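Participant: pasting the sequence and the predicted coordinates here, then a few questions.
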Amino acid sequence: MIETIDSSLIDWSRAQFALTAIYHWLFVPITLGLGIVQAVMETIYYKTGDVFWKKTAQFWMKLFGINFAIGVATGLILEFEFGTNWSNYSWFVGDIFGAPLAIEGIVAFFMEATFIAVMFFGWNKVSKGFHLTSTWLTIVGATISAFWILVANAWMQYPAGMQFNPDTVRNEMADFWAVALSPVALNKFLHTVFSGWIIGAAFVAGIASWYLLKKREVRFALSSIKVAAIFGALACILSIVTGDGSAHQVAQKQPMKLAAMEGFYEGREGAGLVGVGILNPAKKAYNDGKDPFLCKIEIPLMLSFFAERDLDAYVPGITNIIEGGYTQKDGSTALSASEKIARGQLAIQALADYREATKAKNDSLRQQSRAVLDANFDYFGYGYVKNPTDLIPPIGLTFYAFRVMVLFGGLLLLLFLVAAYLSYRNRFETKRWLQWSCLISIFVAIVAGQAGWVVAEVGRQPWAIQDILPVSAAISNLSTTSVQVTFFLFLALFTILLIAELKIMLNAIKKGPEISSEPEIQNKQLTTNNYGHIYIITKLLVVFSRPVGRAAGVSAVCAGWTIVIVYDWENGDAAKNAVKFDRTQMGIYIYHAGNVWRRFFRLLPAVLFDQFRRRLLGMDFDSAMLRIASRFV
């Protein structure tokens, strides 16, 4: 049976998990947002062939890698804490909660780990198209990883697709798709990812603006800001849409959280939305009759609209949810908190009776206890709640965090729109106030993202799983001292990791992008007039039929295609030309001129043939080598 623990252990366990989650979320949104930005930049390089965009993408990719490594470290610790600090939770719902986390590790994380290696180390080793695909698959993998983690989190907010097994005292998955595709999960995933995009866009715009303030790397900075501003504005708009969906889902599934977000105590029809307000610190209880606000600016009817899509709909307040008695959407009368607690205690007792009857092999009592348990299981978690007021989350923290998130999100949208407009009017470079605003927006975006998670997690207290398991029954029976010690150890470790990341990242930023002024040479024909002597040619795949490809100015996506690298003998400038060939197991190698004779046996058939042709046509050796390559174009 699950036991409750009444001590400061609960608070320290929550604090430790919150600490880890806060640090982890410093890195995750930058990964999600910066990954898209760098992929877009590499796509521009792929389309245009402009090496400037390649160098730009590589710079942001460097910062992405630094951030990614620290994010992985904090994420692993976060998952281990479920087993160490929340063992009751892991036992009670591990069969359901563990499934999306396992999929995240086996599928999404391995996908990231595979393609991130190609993304970082595959430049000039694989084709441009294959490298671009790897870059996109890396960020797709990171996004899929976020999806499965958020599916697990959403299930805690809205437990669906499960059934309780009283023999094992565990919840088991009954419908995988109900868990994975619940409306709460889909909306939470989209809203969270879009918020990560906003933070990533602010990160790029802020750092690029720093270069402008320092009058460095002007073209790089302005080009990065154009991409980031458009991307950030789009992400803000999408976040507003999904934020509305989140508010609606909260109203339907977690009415107490919605009431806490609004400081809403007395339910009514046509409820207004508090735009700005200051809570009354003198209000200590939900039923003390004091006004919850010292002052506020309210938007009439909007809370009813967000909650029910009806301007005149009834929205219950904190008092109504605790005392019950109001009519719900399905026409039933809402139970009071005291009634829910009583039914939860009845369910817990029925579970104990069921297990005793099973041991005694008393089938009659067993069936009777099971019927009582099934009838009251929806309120199972309430049985561990001692006082109805324990069901009220921290009002002040939830209320203000929600407004910080909304206010900062609105400011970021305005900033991105102004930055995009001035960038495309070529006026951004002269607006130092805007450059400072973009730099500060990095911190504004991070705070907004953290505030959003405060609303989501603090607002659902006291529940680890909504209505089924409170945090007081979910934690491990550990020594409070041990949790305190590990809390401060993690605090020190995460702070050291954060300082290390900031130092490495700042050094990379100070060094700046390595923008080359030498353009790549493309769409050249393989003739001696263009290149003079052939110096290097990479592995060249050959077919004994008419080749289907032609010389192209971009790298091929397929690994079976090749890049022929040649040098202009006169000026030494390298030129690359992608040549498309059919796949085959047959191939020849043409090596650096200095190594040709040492590796002559590898080229013997082709060399003999072309030496024969050379003697007939009077061609020199370099022309013969060129002829070998050209005949397959």
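Facilitator: Everything's here; your move. Numbers count the residues shown, from 1 in each chain.
Participant: check which helix or strand the residue lying closest to residue 116 once chain neighbours are set aside maps to.
Facilitator: Among residues not flanking residue 116 along the chain, residue 138 sits closest, at 4.8 Å (C-beta to C-beta, 6 or more residues apart in numbering). Placement of C-beta: from N, CA and C, glycine included. Assigned by DSSP states H and E, residue 138 belongs to helix 128-157.
Participant: next one: that helix to chain centre, how far?
Facilitator: How far helix 128-157 lies from its chain's middle: 7 Å, per C-alpha atoms, centre = their mean, to the nearest Å.
Participant: who touches the helix or strand following that helix?
Facilitator: Note on helix 128-157: by DSSP H and E, the next helix or strand toward the C-terminus is strand 162-165. The contact list for strand 162-165 (C-beta atoms under 8 Å, 6 or more residues apart in numbering) reads 93, 96, 170-175, 179, 373, 377, 380.
Participant: and what of stretch 230-245?
Facilitator: Counting by C-beta under 8 Å, 6+ apart, 33, 36-37, 40, 187, 190-191, 194-195, 197-198, 200-202, 205, 306, 406, 409, 412-413, 415-417, 419-420 sit against stretch 230-245.
Participant: repeat that with 6 Å
Facilitator: Contact with stretch 230-245 is made by 187, 190-191, 194-195, 197-198, 201, 412-413, 416-417, 420, as judged by C-beta atoms under 6 Å, 6 or more residues apart in numbering.
Participant: which residues of the stretch 301-450 of the chain fall in strands?
Facilitator: Ranges of strands within the stretch 301-450 of the chain are 314-315, based on DSSP state E, counting those that start in this stretch.
Participant: what's the closest of the contacts of stretch 230-245 to residue 322?
Facilitator: residue 187 (27.0 Å; C-beta to C-beta).
Participant: so where's the chain uncertain?
Facilitator: Where the chain drops to pLDDT under 70, the residues are 1-7, 516-633.
Participant: check which element follows the longest helix seen in it along the chain.
Facilitator: Counting residues, the longest helix found in the chain (DSSP state H) is helix 8-48. Counting by DSSP H and E, the element after helix 8-48 in chain order, helix or strand, is helix 51-84.
Participant: report the distance from that following helix to the chain centre.
Facilitator: The chain centroid and the centroid of helix 51-84 are separated by 11 Å, computed with C-alpha atoms, centre = their mean.
Participant: one more: stretch 250-270?
Facilitator: A distance of 28 Å separates the centroid of the chain from that of stretch 250-270, by C-alpha atoms, centre = their mean.
Participant: and the longest helix of the chain, what other elements does it pack with?
Facilitator: helix 51-84, helix 128-157, helix 183-213, helix 480-511 (3 or more C-beta pairs under 6 Å, 6 or more residues apart in numbering; DSSP states H and E).
Participant: ok, which of the ones you listed comes nearest residue 354?
Facilitator: The minimum distance between residue 354 and those falls on helix 128-157, with 25.0 Å, by C-beta to C-beta.
Participant: relative to helix 51-84, how tilted is that closest one?
Facilitator: Angle, helix 128-157 to helix 51-84, by axes from the mean of the first three to the mean of the last three C-alpha atoms, to 10 degrees: 30 degrees.
Participant: quick one: the nearest residue to residue 20 once chain neighbours are set aside and residue 28, what's the gap?
Facilitator: Among residues not flanking residue 20 along the chain, residue 78 sits closest, at 4.9 Å (C-beta to C-beta, 6+ apart). Noted for residue 78: a distance of 10 Å to residue 28, by C-beta to C-beta, to the nearest Å.
Participant: list the buried residues in whatever helix or strand residue 457 lives in.
Facilitator: Taking DSSP H and E as the definition, residue 457 sits inside helix 432-458. Using 16 or more other C-beta atoms under 10 Å as the test for burial, helix 432-458 gives 434-435, 437-439, 441-442, 444-446, 448-458.
Participant: counting contacts, what elements does that helix pack onto?
Facilitator: By 3+ C-beta pairs under 6 Å, 6+ apart, helix 432-458 packs against helix 183-213, helix 395-424.
Participant: hmm, 10 Å instead?
Facilitator: Packing partners of helix 432-458 (3 or more C-beta pairs under 10 Å, 6 or more residues apart in numbering; DSSP states H and E): helix 8-48, helix 128-157, helix 183-213, helix 218-253, helix 255-262, helix 395-424.
Participant: next secondary structure element downstream of it?
Facilitator: Helices and strands here follow DSSP H and E; after helix 432-458, the next one along the chain is strand 463-465.
Participant: buried sites along that next one?
Facilitator: The neighbour-count check on strand 463-465 (16+ other C-beta under 10 Å) flags 463-465 as buried.
Participant: circling back to that earlier point, pull the number of nearby residues for the residue nearest to residue 116.
Facilitator: Residue 138: 27 surrounding residues under other C-beta atoms under 10 Å.
Participant: now residue 183
Facilitator: For residue 183, the count of nearby residues is 15 (other C-beta under 10 Å).
Participant: one more: residue 34?
Facilitator: Per other C-beta under 10 Å, the neighbour tally for residue 34 reads 25.
Participant: and for it, nearest residue in space, chain neighbours not counted?
Facilitator: Using C-beta to C-beta, 6+ apart, the closest residue to residue 34 is residue 200 (4.3 Å).
Participant: for ChimeraX, write the selection for the buried entries among the contacts of stretch 230-245.
Facilitator: Restricted to buried positions by 16+ other C-beta under 10 Å, the ChimeraX selection for the contacts of stretch 230-245 reads:
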select :187,190,191,194,195,197,198,201,412,413,416,417,420
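Participant: between helix 128-157 and the longest helix of the chain, find me the angle.
Facilitator: 150 degrees.
Participant: helix 8-48 versus helix 480-511: what angle between them?
Facilitator: For helix 8-48 against helix 480-511, the angle by the same axes, to 10 degrees is 20 degrees.
Participant: what's the distance between the closest residue to residue 459 other than its chain neighbours and residue 395?
Facilitator: Spatial nearest neighbour of residue 459, excluding adjacent residues (C-beta to C-beta, 6+ apart): residue 257 at 3.8 Å. Per C-beta to C-beta, residue 257 is found 11 Å from residue 395.
Participant: what residues do those two have in common as contacts?
Facilitator: By C-beta atoms under 10 Å, 6 or more residues apart in numbering, residue 257 and residue 395 have these common neighbours: 458-459.
Participant: ok, these two, which is more surrounded?
Facilitator: Using other C-beta under 10 Å, the more surrounded residue of residue 257 and residue 395 is residue 257, with 25 against 22.
Participant: contacts only, for that one.
Facilitator: Residue 257 is in contact with 157, 247, 250-251, 393, 398, 402, 455-461, 463, 466, counting by C-beta under 10 Å, 6+ apart.
Participant: between those, which is closest to residue 291?
Facilitator: Comparing those against residue 291 with C-beta to C-beta places residue 398 closest, at 18.4 Å.
Participant: and that closest one, how many neighbours does it have?
Facilitator: Neighbours of residue 398 using other C-beta under 10 Å come to 25.
Participant: next one: it from residue 405, what distance?
Facilitator: Here the criterion is C-beta to C-beta. By it, residue 398 lies 11 Å from residue 405.
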